[in-house]
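Participant: after the sequence you'll find the predicted model.
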Amino acid sequence: MDLVTVTCNRDFQHMLLQAESIQKFLEPCHHWIVINEYEDLDTDKWQNALSKFYTTHTFKILTPDDFSMDATAYRYRKWYGQQY
């Protein structure tokens, strides 16, 4: 099973709670975590904090940079971020 969560810096603590729930209550799955931030993003912080909850599950952190955008679309990045 694949699970996707779109989150942001202000939801960091909620994301930790969700990861704990996933660990406790779901069968092993792959969790795609999209952190919808363009500035002040510390992916190492997220990786380190979340990794303890993924002993039987796997997860991958994605950021807006992982989604291709042409120069025109980049101007509308906040709109695209809301579309996630």
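Facilitator: Cool, got the structure. Numbering: from 1, shown residues only.

Participant: which residues touch E39?
Facilitator: Contacts for E39 (Cβ atoms under 8 Å, 6 or more residues apart in numbering) come out as none. Bear in mind the C-beta positions are built from the backbone N, C-alpha and C, glycine included.

Participant: do you have the helices of this protein handy? List them.
Facilitator: Applying DSSP state H to the chain gives helices spanning 12-25, 43-51, 71-75, 77-83.

Participant: lowest average pLDDT across those?
Facilitator: Among the helices of the chain, helix 71-75 has the lowest mean pLDDT, at a mean of 58.

Participant: how many residues are close by L50?
Facilitator: Neighbour count of L50, defined by other Cβ atoms under 10 Å: 20.

Participant: surely it meets A19?
Facilitator: Yes. Contact between L50 and A19 holds when scored by Cβ atoms under 8 Å: they sit 5.3 Å apart.

Participant: overlap in contacts, the two.
Facilitator: F59.

Participant: hang on, T63 packs against E37?
Facilitator: Yes. Counting by Cβ under 8 Å, T63 touches E37, with 6.9 Å between them.

Participant: could I get stretch 39-52 in CSV with only the CA atoms?
Facilitator: C-alpha atoms of stretch 39-52 as CSV (Å, rounded to 0.1, in the frame of the first residue of the first chain):
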residue,chain,number,x,y,z
GLU,A,39,11.9,28.4,2.2
ASP,A,40,13.2,27.4,5.6
LEU,A,41,12.9,23.7,4.9
ASP,A,42,15.3,21.4,6.9
THR,A,43,14.7,18.0,5.4
ASP,A,44,17.4,16.5,7.7
LYS,A,45,15.3,17.5,10.7
TRP,A,46,12.2,15.8,9.2
GLN,A,47,14.2,12.7,8.2
ASN,A,48,15.7,12.3,11.6
ALA,A,49,12.5,12.9,13.6
LEU,A,50,10.4,10.6,11.4
SER,A,51,12.8,7.7,10.9
LYS,A,52,12.2,6.3,14.4
